[in-house]
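Novice: Sequence and predicted structure, then a few things I'm wondering about:
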Amino acid sequence: MAYRVDTLQGLALPHAPLPGGIRRAFRIAALTCSSIVAICATPALAQVAPVSTTADTATADIVVTAQKREESLQKVPISIAVLGGKALDKQATGGALEALLQVPGISQSGNDAGNLTEVSIRGVSPGAPFGAGSSTVGYYMDSIPFSLVRAAVVPNANAYDMARIEVLRGPQGTLYGASALNGVVRIITNDADPSKFEFKARGGASVTKGGDPGFRADAAVNIPLIEDKLAIRVVGGVESLGGWIDQPVRGKTNANSVLNRNLRIKVAAVPADNLHIDLSAWFEHDTYEAGDYADNAGNQSTTVAQPGVTDFKAYSGKITYDLPFMSVSSATSYLDFHQHILSDYSYVTGGVIPVELDSSYPTTVVTEELLFNSVGTGPWRWSAGAFYRDERGKLLYLAPVLLPGPLSSQDSSKSYAVFGQLTRTFADDHFELSAGLRYFHDTSNTTVLPGAFLPTSSVDARFHAVTPRVVATWLPSKSFTAYASYSQGFRSGLNQAPLVLLAAPGLAPAKADTLNNYEVGAKGSLLGGLASFESALFYMKWNNVQQLGQILYNGAYTPATVNGPSASGWGADFNLTLYPASGLQIGGGLSYSGLTLDKDIIQKGAAPAPDLVLYRKGDRTAYSPEWSANVFATYTFPISKGLDGRLNASATYRSETSIRIAQDNGQGVAAALYQSDKPTIVNASFELSTHSNKTLSVYVQNLTNWAGILSPPAVPTLLFRPRPRTIGVQFEVKF
């Protein structure tokens, strides 16, 4: 059965078998791992150790707050990856987004908006980075949700001085709401500690093949102001990434340099044993010359400058009060986000006339969450809460060649939700049954502001959803957990953009989409602790898929956001870590997503043009990889009485992603398919650590100098590529 629309569903990907890239990634890493023992006495240039669940401690000892209460990672019936704070401190370059590349099942799509990236989990990707709705993944910086109405990108937060990063795979619609269609990323920073003084710092320099050098420096200090009652923690850093792409037409070499600066301040107060107050302020300011795209020769053909600025200020306050039978917390946050970029759109004139698009996206978001958690050791556990969110974002465009005047509009969204989850234990706590529910309501408005070349207008829409979760958990021992769950996630709907409403005034807003997930999983340790594993098998049914479409109006196509047919498919995650000898860890993970469209998508042609089959049943959705994988090995060994050595090697792989867009090829409108390559990145490092908390490391990133295309290039010039082979050194100290 075909699905007919008057709009264009713009994104799809054909099936792909398990490719040779996975085999190559595993083969390269296996060769590296097998040579570790032979070269352990020889210092080698290498990259930071792969971040893994077991890098800092045993899985059973890791405490997470994935279900908004402190629990052992081993007992949480969710597929979770945890990136430990100690390993994140050792990361040589980049921030949280680079760290997340170590997690199978996570995919990122490059774009020309510096330090912002589209993130997806298990192949459930948004239709486009900008303009087609919010992200399919919830992204939290401590208790601050980062979610934008009309953009699916998230910031690359500095990953220094983190407690951990938690990646929750699958829908999290009950406890996390509208932004968690198929997963949540939680960046959790270290709190201020009133009990002790602490200082740590890291610094390093690097050289990129064919590019400029770079450097980074970070420091964190924790100061008790009143012992056990009041403390302040300050974290600051700067990172300069040297450019490596040339702009020969403009006479510039290494034209894509980046400068990132950040400051984080946290205050903790404990006026009473049962009262905790945590305040934080987080500032990030990133400037960049151009995006990381280039042709095969490492050049951009642009004739115009493309600088950009991305910054945010995030403030939060959390108050927790413990009663004998429950804990009450209130978390309030304010996010002030702003991005200003200049982009080269000269391709629309065939390069004959330079076209520069000046765009700005200032946004503010206010949130409040009130949470009640049961305490105690009885057979019942429960959580209940309420959530409120108020977002106001503007879109400001200026392009004299393309637009007759400035275009300015404002999106606002006011939403609220109530939620709860109840757990009952049985059989001496060896079996648990949990059920949860969330109700969500969103009132959205899009307004064309005075001064725009379009007439002033205003459009309102309302969206709501009820999302359930049911989980049965079996805990036969402390080292094994199995679960079966059903959960539903959702993403709020979206008003059409002003240009779309000008082209098609009657076009309805895009409806909310929902994702149903049926999952069985297990995690634990084997062979007396010689191995640890996590596995999950799941089936997804994604309804009313929001995708980037186009409206045919007077012979031209105008971008819009539309709901397509459903997509469904089986998938699996598997992670394994081995501990074959003292100090040696070898492991890896594999994630597969079989998510494909359930019906053909046919774009209705304008007479006399025929209809166009844009997608076939079985095609993949936008930016959705079928496979992702990683392998790693770390070996720690003593060199002398007070000195240890550590070797690290890792490789990551992701299959290709694609998009489909209807374009006029001179002989009529046809479905154009754009595909990425299959990123396969190998990293390694060697560390020398003293027992007095000083570490010197040398590293190499992108060891094989892989230079393929990271994202499908809908615009022929936007061929995004990874940074070439980078060699560096880093020093760390802690008191």
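Specialist: Done, it's in.
Novice: bridging residues for Ser413?
Specialist: Applying DSSP bridges to Ser413 yields these beta-bridge partners: Glu391, Ser444.
Novice: what about it, neighbour count?
Specialist: Using other Cβ atoms under 10 Å, Ser413 has 27 other residues around it. C-beta here means a position set from N, CA and C on the backbone, and glycine is covered the same way.
Novice: Ok, Tyr361 next?
Specialist: 22.
Novice: With Ala159 instead?
Specialist: Other residues within reach of Ala159, judged by other Cβ under 10 Å, total 25.
Novice: What's the mean pLDDT across stretch 501-512?
Specialist: The pLDDT scores in stretch 501-512 average 80.
Novice: next one: stretch 176-189
Specialist: Stretch 176-189 shows a mean pLDDT of 90 in the predicted model.
Novice: same deal with stretch 639-652?
Specialist: Stretch 639-652 comes out at a mean pLDDT of 94.
Novice: ditto for stretch 588-599
Specialist: Mean predicted lDDT for stretch 588-599 stands at 94.
Novice: Just the buried positions in stretch 717-735, please.
Specialist: By 16 or more other Cβ atoms under 10 Å, the buried positions in stretch 717-735 come out as 717-728, 730, 732-733.
Novice: same question but for stretch 226-235, I mixed them up
Specialist: 230-235.
Novice: And stretch 631-648, by the same measure?
Specialist: 631-637, 644-648.
Novice: In TSV, list these along with distance to Gln546 and secondary structure.
Specialist: Below are the buried residues of stretch 631-648 laid out as TSV (distance: Cβ to Cβ, whole Å; DSSP: H, G, I helix; E, B strand; the rest coil):
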residue	distance to Gln546	secondary structure
Val631	34	strand
Phe632	35	strand
Ala633	41	strand
Thr634	41	strand
Tyr635	46	strand
Thr636	47	strand
Phe637	51	strand
Asp644	51	strand
Gly645	50	strand
Arg646	45	strand
Leu647	45	strand
Asn648	40	strand
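Novice: Can you pick out the most distant pair from those residues?
Specialist: Spanning the widest gap among the buried residues of stretch 631-648 are Val631 and Asp644, at 23.4 Å by Cβ to Cβ.
Novice: Please give the element, helix or strand, for the residue minimising distance to the centre of the chain.
Specialist: By Cα atoms, centre = their mean, the chain has its centre lying nearest to Val119, at 3.7 Å. Using DSSP states H and E, Val119 sits in strand 116-121.
Novice: how about TSV for the buried residues of stretch 226-235, with secondary structure, distance to Asp61 and pLDDT added?
Specialist: Shown next, in TSV, are the buried residues of stretch 226-235 (DSSP: H, G, I helix; E, B strand; the rest coil; distance: Cβ to Cβ, whole Å; pLDDT from 0 to 100):
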residue	secondary structure	distance to Asp61	pLDDT
Leu230	strand	29	97
Ala231	strand	25	98
Ile232	strand	28	98
Arg233	strand	23	98
Val234	strand	28	98
Val235	strand	25	97
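Novice: Among the residues you listed, list the two that are farthest apart in space.
Specialist: Leu230 and Val235 (18.0 Å).
Novice: And the next helix or strand past the strand holding Val119?
Specialist: Downstream of strand 116-121, the first helix or strand assigned by DSSP H and E is strand 138-141.
Novice: That next one pairs with which strands?
Specialist: The pairing partners recorded for strand 138-141 under DSSP bridges are strand 144-145 (antiparallel), strand 183-189 (parallel).
Novice: Would you mind telling me which of these is nearest Tyr334?
Specialist: The minimum distance between Tyr334 and the strands paired with strand 138-141 falls on strand 144-145, with 8.4 Å, by Cβ to Cβ.
Novice: Which one of the buried residues of stretch 226-235 is nearest to Gln585?
Specialist: Nearest member of the buried residues of stretch 226-235 to Gln585, counting by Cβ to Cβ, is Val235, at 28.3 Å.
Novice: In the stretch 1-150 of the chain, where is pLDDT below threshold?
Specialist: Along the stretch 1-150 of the chain, segments meeting pLDDT under 70 span 1-60, 110-115.
Novice: hey, where'd the strands end up in it?
Specialist: 2-5, 63-64, 71-72, 80-84, 106-109, 116-121, 138-141, 144-145 (DSSP state E, counting those that start in this stretch).
Novice: how much space between Thr446 and Leu696?
Specialist: Distance, Thr446 to Leu696, using Cβ to Cβ, to the nearest Å: 54 Å.
Novice: Distance to Gly489 added to the buried residues of stretch 226-235, as CSV?
Specialist: Formatted as CSV, the buried residues of stretch 226-235 follow (distance: Cβ to Cβ, whole Å):
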residue, distance to Gly489
Leu230, 40
Ala231, 37
Ile232, 37
Arg233, 34
Val234, 36
Val235, 32
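Novice: quick one: the strands in the stretch 501-650 of the chain?
Specialist: Under DSSP E, counting those that start in this stretch, the stretch 501-650 of the chain gives strands at 513-526, 531-543, 546-553, 556-563, 567-581, 584-593, 596-597, 600-603, 612-615, 627-640, 643-654.
Novice: next one: the fifth one to chain centre, how far?
Specialist: It refers to strand 567-581. 19 Å (Cα atoms, centre = their mean, to the nearest Å).
Novice: So for that strand, mean pLDDT?
Specialist: Per-residue scores along strand 567-581 average to 95.
Novice: Quick one: work out the angle between that strand and strand 116-121.
Specialist: Going by axes from the mean of the first three to the mean of the last three Cα atoms, to 10 degrees, strand 567-581 is angled at 90 degrees with respect to strand 116-121.
Novice: Quick check: phi and psi at Pro354.
Specialist: phi -60, psi 130 (degrees, to the nearest 10).
Novice: I figured it hits Val304, correct?
Specialist: Yes. Under the criterion of Cβ atoms under 8 Å, Pro354 makes contact with Val304 at 5.2 Å.
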